[in-house]
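# Got a sequence here, can you model it:
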Amino acid sequence: QLMQIIGDKIAPTLPAYYDSLLGHCSRFNPALVVYNNLAMSDARLLHDRFGVPVCFAQLFPRTPTSEEPPTYVSAVPRPWWQRGLVARWSGVNRRLHTTVLGNLHAAYLQPAHENQSRRRLAGLPPMAVEHLEALFVEQPSLCGWSPTVFGGYADAPPLQRAPAGYWALSSAEQLAAFKRSATLVAFMEASPPRTVVYIGWGSMIAKAEGVSIASFMTTLAVEAARMANVRAVVLGGWARLSPEHLPSERDDLRAYAAEHMHFVAPGESVAHGWLLPQCAAAVIHGGAGTAAAALSAGTPCVVTPVMSNDQHWWGQRVEALGVGVGMPTFLRQMTSARPLADAIQHVSSTAHAATVMRANAARLAERMAEEDGARAAANALAQMVANGEGRTPPPSQRHAAASRRTYSYYSGLAALVLVTTLLVGVRTTRVRG
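Okay, here's the model as predicted:
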């Protein structure tokens, strides 16, 4: 549904977009094109049209596998036949990956889509979901996460590089680009060490019935912090969380927010590398970037998914690693702040379980600090170019090569017929003689 909405919004701009995309690829003749999951159909077009190698940069596992269903359906409970040897033997997860891939790119697969029109103009066959799925096998790909967090699937294709670390700026680079507000610094300095809880949903928005987005999310954040009895830093984000959006009749929430919470104004940002190591816990939506920031900081986290993409999957990973809690429902389905408050207490209190979780998170962060994902990715890209991985001749050269093969075949066949005819003629002459 989200892809359909995006597609409808950008449809009028597609002719100019494809003119630019194809024009630049033709002009610069790149050695390699790196793309994300939203550009998979366009990557297929560039590869088929120009023969250029394309590398999929995946920030969460997207490669079809028999080991588990696609990350996009992680919120759905997995029955026994989608796990273990049964799933590997039956191929059910593989088929589900194909179905989800087709649904995600359904608009691009329609004959009227501009991508398909450009394929017809280039003399290419219509694109089907099988062409997209083949990219995972025929072309290289990178995994932009830490192997300490997830080592990957055993049945990964040969051209996929194993995960080697997150692609992130160092804490020093973040600090250099981040101007800390005096009020935020004062709030953190006034708080006992590792007692503040970070609540940040970034670009996510969640709406409940009967209230505005800002009111629902602000009230949920403040109510959960009050119930858990913690100080908190709240990121305004795209939903524009602010105390002014609290219900007018909730004086208790307004008073708690004024005394125990700091709101980062909408439009402003914080450096995760600076803030999260100072926090007792982080409440996040579970996108790949915020999950990476919390894990790298050694901060236990509560993952509250907002969308059906990778967010439930990251919540399940932090639980499996013993470094956080993944909420089973979507944020918009939280009719009470109590479950969120309980999760915050579970990861930030002085109880034994929280102490163990903090120790697990610290050890995980120490191992992750030894990784240099950005450098490993750069080296892998250079290796792909040097090896010519995924490069094929453009259609004109492929057609010429096919014509030469056809010509050689028929020339050879004609020569064989001629020689056979001559030999038969000679044999016949000898018999008659």
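# need the helices for the stretch 1-150 of the chain, in chain order.
For the stretch 1-150 of the chain, helices defined by DSSP state H, counting those that start in this stretch occupy the ranges 2-10, 14-28, 40-50, 84-90, 92-104, 114-121, 129-138.
# Generate TSV for those, with mean pLDDT, distance to residue 379 and mean neighbour count as supplementary columns.
Yep, even glycine has a C-beta here, placed from its N, CA and C like the rest. Conversion of the helices of the stretch 1-150 of the chain to TSV gives the following (pLDDT from 0 to 100; distance: least, C-beta to C-beta, whole Å; neighbours: other C-beta atoms under 10 Å):
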stretch	mean pLDDT	distance to residue 379	mean neighbour count
helix 2-10	70	33	11
helix 14-28	96	23	13
helix 40-50	97	22	22
helix 84-90	73	32	13
helix 92-104	92	29	18
helix 114-121	97	32	16
helix 129-138	96	21	17
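# Quick one: closest of those helices to residue 182.
Shortest distance between residue 182 and the helices of the stretch 1-150 of the chain, using C-beta to C-beta, is found for helix 2-10: 38.8 Å.
# Residue 255: which of the helices of the stretch 1-150 of the chain is closest?
Among the helices of the stretch 1-150 of the chain, the nearest to residue 255 by C-beta to C-beta is helix 2-10 (38.3 Å).
# List the contacts of stretch 254-262.
Contact partners of stretch 254-262, identified using C-beta atoms under 8 Å, 6 or more residues apart in numbering, comprise 183-184, 187, 222, 225-226, 230-234, 243, 246, 263.
# export those residues to a markdown table and tack on neighbour count, secondary structure and pLDDT?
Supplementary listing: these in a markdown table, determined by neighbours: other C-beta atoms under 10 Å; DSSP: H, G, I helix; E, B strand; the rest coil; pLDDT from 0 to 100:
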| residue | neighbour count | secondary structure | pLDDT |
| --- | --- | --- | --- |
| 183 | 12 | helix | 93 |
| 184 | 17 | helix | 94 |
| 187 | 18 | helix | 96 |
| 222 | 27 | helix | 98 |
| 225 | 26 | helix | 97 |
| 226 | 20 | helix | 97 |
| 230 | 23 | coil | 97 |
| 231 | 20 | coil | 97 |
| 232 | 28 | strand | 98 |
| 233 | 24 | strand | 97 |
| 234 | 24 | strand | 97 |
| 243 | 15 | helix | 96 |
| 246 | 22 | coil | 96 |
| 263 | 23 | strand | 97 |
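# now those residues as CSV including distance to residue 308?
As requested, the contacts of stretch 254-262 are arranged in CSV below (distance: C-beta to C-beta, whole Å):
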residue, distance to residue 308
183, 36
184, 33
187, 35
222, 27
225, 27
226, 30
230, 29
231, 32
232, 27
233, 28
234, 25
243, 31
246, 29
263, 28
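# returning to what we had before: which of the helices of the stretch 1-150 of the chain sits closest to residue 327?
Residue 327 sits nearest to helix 2-10 of all the helices of the stretch 1-150 of the chain, at 20.4 Å, using C-beta to C-beta.
# Among the contacts of stretch 254-262, which one sits closest to residue 340?
Out of the contacts of stretch 254-262, the one with the shortest distance to residue 340 is residue 225. That distance is 9.2 Å, counting by C-beta to C-beta.
# Quick check: bridge partners of the residue lying closest to that closest one once chain neighbours are set aside?
With sequence-adjacent residues excluded and distances taken as C-beta to C-beta, 6 or more residues apart in numbering, residue 225 is closest to residue 232, at 4.3 Å. Beta bridges link residue 232 to residue 197, residue 261, judged by DSSP bridges.
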